[in-house]
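Enquirer: sequence? don't have it. structure:
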């Protein structure tokens, strides 16, 4: 497991960003394996996140790859690459954001999807133990989707992107993270994307946590959705 190979890099860590800590790296590997006399299936998810923060600006990079099989047939081969930045404003709890995303998903019938956009966000609560944030903005999307086995759909659209994000930490041992998106096309009310990523982590060591994750995706244009429940380990380090 890749987590065991890189674990030595995470043996020293701090609890959060402070005046001297400007970088953060997080690696999570989760999965489910099911095998009986009659059937077998598995799903493996790997995610790597990196953040650079300096004064009022932060740059975030997050990447994930999910692979799954059932009865030796592929069910998931999903790649997501994301780069975003935030710029704090002079108003308390407000900031600007911008992003560029690339997605390719076997399960959601996405050949290629690129999104770029900008927007604003407001943190309703911004404390070490509880963080609640809502954001909204406009995305430009260029996609190539699989509508049927013989038909692809290449198109462009602008979307409104509404996001709700929260984090709750209990006694520095248990962390609940949730990020949910609703992205509707501005030109077609029947064209929308829903995504919700939720995970619960229990700290085993200062740098290592046991994590269970629930992820839901829906792409209305392809009439595809998936629900993934996985568990595994997360390693993190501030430096």
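Expert: Happy to help now that I have it. All values derive from a computational prediction rather than experimental measurement.

Enquirer: quick one: the strands in this structure?
Expert: Using DSSP state E, the strands of the chain run over 23-35, 40-54, 57-70, 73-88, 94-105, 110-126, 130-148, 151-170, 174-185, 192-203, 208-219, 224-238.

Enquirer: packing partners for the last one?
Expert: Meaning strand 224-238. helix 2-6, strand 23-35, strand 40-54, strand 208-219 (3 or more C-beta pairs under 8 Å, 6 or more residues apart in numbering; DSSP states H and E). C-betas here are computed from N, CA, C, even on glycine.

Enquirer: Of those, flag the one that's most buried.
Expert: strand 208-219 (a mean of 18; mean count of other C-beta atoms under 10 Å).

Enquirer: if I look at the residue nearest the centre of the chain, how far off is residue 55?
Expert: Relative to the mean C-alpha position of the chain, the nearest C-alpha, by C-alpha atoms, centre = their mean, is the one of residue 197, at 6.3 Å. Applying C-beta to C-beta, to the nearest Å, the value for residue 197 to residue 55 is 28 Å.

Enquirer: JSON lines for the helices and strands packed on strand 224-238, including distance to residue 150?
Expert: Converted to JSON lines, the helices and strands packed on strand 224-238 look like this (distance: least, C-beta to C-beta, whole Å):
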{"stretch": "helix 2-6", "distance to residue 150": "38"}
{"stretch": "strand 23-35", "distance to residue 150": "32"}
{"stretch": "strand 40-54", "distance to residue 150": "28"}
{"stretch": "strand 208-219", "distance to residue 150": "19"}
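
Enquirer: Would you mind giving the strands of the chain as TSV with mean pLDDT added?
Expert: Converted to TSV, the strands of the chain look like this (pLDDT from 0 to 100):
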stretch	mean pLDDT
strand 23-35	92
strand 40-54	94
strand 57-70	95
strand 73-88	96
strand 94-105	97
strand 110-126	97
strand 130-148	96
strand 151-170	96
strand 174-185	97
strand 192-203	97
strand 208-219	96
strand 224-238	94
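
Enquirer: So what does the residue of the chain positioned farthest from its centre look like in phi/psi?
Expert: Residue farthest from the centre of the chain, counting by C-alpha atoms, centre = their mean, is residue 37 at 34.8 Å. Backbone torsions for residue 37, taken as degrees, to the nearest 10, come to phi -60, psi -30.

Enquirer: sorry, back to before: go through the helices and strands packed on strand 224-238 and name the closest to residue 160.
Expert: Judged by C-beta to C-beta, the one of the helices and strands packed on strand 224-238 that comes nearest to residue 160 is strand 208-219, at 16.0 Å.

Enquirer: the inter-axis angle of the closest one versus strand 110-126?
Expert: 120 degrees (axes from the mean of the first three to the mean of the last three C-alpha atoms, to 10 degrees).

Enquirer: buried residues in stretch 109-120?
Expert: Within stretch 109-120, the residues that count as buried by 16 or more other C-beta atoms under 10 Å are 109, 110, 113, 114, 115, 117, 119.

Enquirer: any idea how far residue 229 is from the nearest residue to the fourth one once chain neighbours are set aside?
Expert: Take residue 114 and drop its neighbours on the chain: the residue closest to it by C-beta to C-beta, 6 or more residues apart in numbering is residue 142, 4.9 Å away. In this view, residue 142 and residue 229 are 31 Å apart by C-beta to C-beta.

Enquirer: Kindly report the same for residue 26.
Expert: From residue 26 to residue 229 the distance is 20 Å (C-beta to C-beta).

Enquirer: How many residues are close by the closest residue in space to residue 226 that isn't next to it in sequence?
Expert: Distance criterion C-beta to C-beta, 6+ apart; nearest residue to residue 226, sequence neighbours excluded, is residue 107 at 4.8 Å. Residue 107 has 18 neighbours, counted by other C-beta atoms under 10 Å.
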